[in-house]
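Participant: how would this look folded up:
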Amino acid sequence: MSEGRVTLLVAAEAREFAGLMHNVERSERLSWPVQFARRVEYGGNVVVLVAHGPGPELAAEAVRVAAERERITTVVSTGFCGGLDPALASSDIFVAREVMGLGPALVPVHPNGRFAVGALISSDRVVVTAKEKAELRDTGGDAVEMEAAGVAKAAERLSLPFYCVRVVTDTAAESLPLDFNRMRDREGRFSRIRIIAAGLRSPGIIFPKLMKFNESCKSASSALGEFLANCRF
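Facilitator: Below you'll find the predicted structure:
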């Protein structure tokens, strides 16, 4: 167990931490009952990274596991999001000032100050189409993702400060290449086998779209990592 101040970053997938991992000075693999857990150090900060799958329940479980093993002082929901505000571009950083229906979130300090701040919708399903995004935009949301609600509630139960820092992978005008809700397993995690199989059924149409989306995710992860490496929570 680490002494002193420890910030917990919770994402759905390990790939969402890939950009940040390029900025760390030390990294230790943690043998926890989650899909991915690392204790890292950068800029004098001790940070625990946990990814345990998409959705509020798996995200809340990630917080619980970490809090039982570390003296967590700050909780951050992070990773990818979809833009609802047409002004948000791919790889833009989005910081939630509130999770709609749950209440406010804290805004971190960053030296360049170049990030969007707005209202986040935390859904229990993947928002797939531009039409769905437009409908959510009408409710007042600026971006949408799947884990922040679970992380926020877990942080509240622990009486810990909560932040949400996201990066846009798909804009308001873009639909996803697949209905990823149909690509989830019994526990709610995304099945790579199902995704590949779906791509193979339409190799000339779906596969190029999946590859393009994958590149967007890589660029977004890099942008998020650079941002988080310089954040003060």
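Participant: show me the contacts for the closest residue to residue 221 other than its chain neighbours.
Facilitator: Here the nearest residue to residue 221 in space, its sequence neighbours aside, is residue 19; by CB to CB, 6 or more residues apart in numbering that works out to 4.1 Å. To be clear about C-beta, it is placed using only N, CA and C from the backbone, and glycine gets the same treatment. Going by CB atoms under 8 Å, 6 or more residues apart in numbering, residue 19 touches 221-226, 228.
Participant: give the buried residues for the lengthiest strand in the chain.
Facilitator: Of all the segments assigned as strand in the chain under DSSP state E, the longest by residue count is strand 72-83. Taking 16 or more other CB atoms under 10 Å as the basis for neighbour counts, the residues of strand 72-83 that come out buried are 72, 74-83.
Participant: which residues does the helix or strand bottoming out on mean pLDDT in the chain contact?
Facilitator: For the chain, counting by mean pLDDT, DSSP states H and E, helix 192-201 ranks last in confidence among helices and strands (a mean of 88). Identification of contacts with helix 192-201 by CB under 8 Å, 6+ apart yields 178, 180, 182-183, 185, 206-207, 210.
Participant: now those residues: which count as buried?
Facilitator: Judged by 16+ other CB under 10 Å, buried ones among the contacts of helix 192-201: 178, 180, 183, 206-207, 210.
Participant: ok, the residue in the chain sticking out farthest from the centre to residue 154 distance?
Facilitator: With distances taken from the mean C-alpha point of the chain and given as CA atoms, centre = their mean, the most distant residue is residue 204, at 29.8 Å. Distance check for residue 204 against residue 154: by CB to CB, to the nearest Å, it reads 43 Å.
Participant: re earlier: so of the buried ones among the contacts of helix 192-201, which ones are in helices?
Facilitator: Taking DSSP state H, the ones among these that sit in helices are 206-207, 210.
Participant: turn those into TSV, columns for distance to residue 110 and pLDDT.
Facilitator: Rendered in TSV, the data for those read as follows (distance: CB to CB, whole Å; pLDDT from 0 to 100):
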residue	distance to residue 110	pLDDT
206	37	90
207	37	88
210	32	92
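Participant: can you redo those residues as TSV with distance to residue 189?
Facilitator: Shown next, in TSV, are those (distance: CB to CB, whole Å):
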residue	distance to residue 189
206	20
207	22
210	18
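Participant: where do the strands sit along the protein?
Facilitator: Listed from the start of the chain, the chain has strands (DSSP E) covering 6-11, 26-29, 36-42, 45-51, 72-83, 93-99, 103-104, 116-122, 143-145, 162-170.
Participant: now these in JSON lines, with mean pLDDT and distance to residue 128?
Facilitator: Rendered in JSON lines, the data for the strands of the chain read as follows (pLDDT from 0 to 100; distance: least, CB to CB, whole Å):
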{"stretch": "strand 6-11", "mean pLDDT": "97", "distance to residue 128": "20"}
{"stretch": "strand 26-29", "mean pLDDT": "97", "distance to residue 128": "34"}
{"stretch": "strand 36-42", "mean pLDDT": "97", "distance to residue 128": "25"}
{"stretch": "strand 45-51", "mean pLDDT": "96", "distance to residue 128": "22"}
{"stretch": "strand 72-83", "mean pLDDT": "98", "distance to residue 128": "9"}
{"stretch": "strand 93-99", "mean pLDDT": "98", "distance to residue 128": "19"}
{"stretch": "strand 103-104", "mean pLDDT": "96", "distance to residue 128": "27"}
{"stretch": "strand 116-122", "mean pLDDT": "98", "distance to residue 128": "14"}
{"stretch": "strand 143-145", "mean pLDDT": "98", "distance to residue 128": "11"}
{"stretch": "strand 162-170", "mean pLDDT": "98", "distance to residue 128": "9"}
